[in-house]
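Chemist: Provide a 3D model corresponding to the input given below.
(chains A and B)
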Amino acid sequence: ETGVTQTPRHLVMGMTNKKSLKCEQHLGHNAMYWYKQSAKKPLELMFVYSLEERVENNSVPSRFSPECPNSSHLFLHLHTLQPEDSALYLCASSPGRESHEQYFGPGTRLTVT
Amino acid sequence: QKEVEQNSGPLSVPEGAIASLNCTYSDRGSQSFFWYRQYSGKSPELIMFIYSNGDKEDGRFTAQLNKASQYVSLLIRDSQPSDSATYLCAPRGSQGNLIFGKGTKLSVKP
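Modeler: Next up, the predicted model:
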């Protein structure tokens, strides 16, 4: 596997479910990110981890809970979501926090019913 | 609220023409600027970055930056149908994060 991978690629969940999104980067990077991409809206940064420490939480509701057990893996735990949370969730990584390029994973298309 | 403005398009150009994509930003503290391309159903990929005022060329792509006017653009010469995608402008804000615009959808007609 190369680059940034995300699983699952598609997820349909009810508002009472609990699920997790997984991201793995095989690039030896130190920074990882979660973004949300909704139709007609810009990419929204949700969380930033640098060397496994959360360095940014962009006022994201507590029903989204990130976890970074090591520099290669990033999770987004989901519980009691709302239909408006349906979106494409993108993970990205970069060599460091201030690096030029962020490499994006393919995303998880989430639908909340 | 830091903002990035882009025309949503679609911008339609014939094959072989120059496509011009424009972006304005509100954060005067931004020092570096990135252009991402996103094909339908795919994730964004970086195509250009620019730090200094003026032009930066890379193959068929030229990025232009004017910090005084808070304006950055991307020119695509000899446009190809494979260039059809949404182009995202992303200045790095003064807090260190990328701030994305909504993107301009480009359509190159054969």
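Chemist: surely residue A:47 is in a helix?
Modeler: No: when DSSP: H, G, I helix; E, B strand; the rest coil is applied, residue A:47 is found to be strand, with no helix at that position.
Chemist: list the beta-bridge partners for it.
Modeler: residue A:34, residue A:57 (DSSP bridges).
Chemist: and the pLDDT for the residue positioned nearest the centre of chain A?
Modeler: Nearest to the geometric centre of chain A sits residue A:34, at 3.1 Å (Cα atoms, centre = their mean). The model reports residue A:34 with a pLDDT of 96.
Chemist: could you measure from it over to residue A:58?
Modeler: Residue A:34 sits at a distance of 10 Å from residue A:58 (criterion: Cβ to Cβ, to the nearest Å). Where C-beta positions appear, they are placed from N, C-alpha and C, glycine not excepted.
Chemist: now swap in residue B:66 and tell me
Modeler: Residue B:66 is 29 Å from residue A:58, by Cβ to Cβ.
Chemist: burial check on residue 24, number of neighbours?
Modeler: Just going to use chain A. Residue A:24: 19 surrounding residues under other Cβ atoms under 10 Å in any protein chain shown.
Chemist: sorry, I should have been clearer: chain B.
Modeler: The burial count for residue B:24: 17, using other Cβ under 10 Å.
Chemist: same question for residue B:13.
Modeler: So residue B:13, with other Cβ under 10 Å, has 17 neighbours.
Chemist: the one 3 residues further on now?
Modeler: Residue B:16 has 11 neighbouring residues, counting by other Cβ under 10 Å.
Chemist: do the one 3 residues further on as well
Modeler: Summarising burial for residue B:19: neighbours were counted as other Cβ under 10 Å, giving 24.
Chemist: for the one 4 residues further on, same thing?
Modeler: In terms of burial, residue B:23 registers 24 neighbours under the definition other Cβ under 10 Å.
Chemist: which neighbours do residue A:34 and residue A:58 have in common?
Modeler: A:45-47 (Cβ atoms under 8 Å, 6 or more residues apart in numbering or on different chains).
Chemist: packing partners of the lowest-mean-pLDDT helix or strand in chain A?
Modeler: The weakest-scoring helix or strand in chain A, judged by mean pLDDT, DSSP states H and E, is strand A:53-57 (a mean of 80). If you count contacts as 3 or more Cβ pairs under 8 Å, 6 or more residues apart in numbering or on different chains; DSSP states H and E, strand A:53-57 packs onto strand A:44-50, strand A:64-70.
Chemist: so where's the chain shaky on pLDDT?
Modeler: By default, I'm working from chain A. Scanning chain A for pLDDT under 70 picks out A:1.
Chemist: chain B was what I was after
Modeler: Ranges of chain B meeting pLDDT under 70: B:1-2.
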